[in-house]
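Chemist: structure, please.
(chains A and B)
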Amino acid sequence: RKEVEQDPGPFNVPEGATVAFNCTYSNSASQSFFWYRQDCRKEPKLLMSVYSSGNEDGRFTAQLNRASQYISLLIRDSKLSDSATYLCVVSSYSGAGSYQLTFGKGTKLSVIP
Amino acid sequence: EAGVTQFPSHSVIEKGQTVTLRCDPISGHDNLYWYRRVMGKEIKFLLHFVKESKQDESGMPNNRFLAERTGGTYSTLKVQPAELEDSGVYFCASSQADRASYEQYFGPGTRLTVT
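Modeler: I've put the predicted structure just below:
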């Protein structure tokens, strides 16, 4: 079982649509959770951290369910500029002395005019 | 403030050759990480420096990979000798502190192709 699993995608949605991404993680001791965004041939950039209480940043809403080891990202009113790959990322203590980020493979989103 | 920079952006080498990748972290960031993404796979952790010390190198694939961070500033990752399966994108990231919740800032990556 992969450590972080995401919807395989790709997601092709029209402008203005609402789209949801799901992610599950296997390490129950994971401590922090993030959604990163990666544009084609660019570096990953932090989109938002994810908290158990749920958090919202404009059109983006992230949720974490620790019991189910499940993370979600909801994008409302999709814009063309939202087209990118969305990476589900989990931070866990490695036991070898540091916090490591574990990435999902990512889900590609294309917002169509 | 300058972000994380990496050099070169692309490198094409033949199997058996040596390549050295460089990463300059954000100024003042003691924590420096190397990650790699091979084709079709997820980004994977390679190692973590705190200043000039290797804190965690549990992700290094084998002894053909050598990372250094002399002086605790920039870091190099040398692959010697390179093999075909080493092809991929090598990312460097830096962080103010090694805490689960702290953001890691990524560089643009070095795309390595071994032929």
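Chemist: drop to CA atoms for contacts and neighbour counts, all remaining ones
Modeler: OK.
Chemist: which residues are in contact with A:Y51?
Modeler: By C-alpha atoms under 8 Å, 6 or more residues apart in numbering or on different chains, A:Y51 lies in contact with A:33, A:62-64.
Chemist: can you tell me which of these are buried?
Modeler: A:33, A:62-64 (16 or more other C-alpha atoms under 10 Å in any protein chain shown).
Chemist: same for chain B: which of those are within range?
Modeler: A:F33 (C-alpha under 8 Å from any C-alpha of the partner chain).
Chemist: helices of chain A, residue ranges please.
Modeler: Counting by DSSP state H, chain A has no helices at all.
Chemist: low-scoring stretches of it, by residue?
Modeler: Per-residue confidence for chain A (pLDDT under 70) gives these ranges: A:1.
Chemist: what does chain B give?
Modeler: B:1, B:100.
Chemist: could you rerun that using 90?
Modeler: B:1-2, B:39-40, B:70-72, B:96-103 (pLDDT under 90).
Chemist: and the residue nearest the centre of it, how far from A:P44?
Modeler: Nearest residue to the geometric centre of chain B (C-alpha atoms, centre = their mean): B:W34, 3.2 Å. Distance check for B:W34 against A:P44: by C-alpha to C-alpha, to the nearest Å, it reads 13 Å.
Chemist: before we move on, what about B:R22?
Modeler: Separation of B:R22 from A:P44 (C-alpha to C-alpha) stands at 18 Å.
Chemist: compare those two (neighbour count), which wins?
Modeler: A:P44 (24 against 21; other C-alpha atoms under 10 Å in any protein chain shown).
Chemist: is it true that the more buried one touches B:G109?
Modeler: No: applying C-alpha atoms under 8 Å, one finds A:P44 not in contact with B:G109, separated by 9.6 Å.
Chemist: helices or strands up against the strand ranked longest in chain A?
Modeler: Taking DSSP state E as the criterion, chain A has its longest strand at strand A:84-93. Judged by 3 or more C-alpha pairs under 8 Å, 6 or more residues apart in numbering or on different chains; DSSP states H and E, strand A:84-93 is in contact with strand A:4-6, strand A:32-38, strand A:99-103, strand A:107-112.
Chemist: is the first one up against chain B anywhere?
Modeler: No: using C-alpha under 8 Å from any C-alpha as the criterion, no contacts between strand A:4-6 and chain B are found, and the smallest distance is 9.3 Å.
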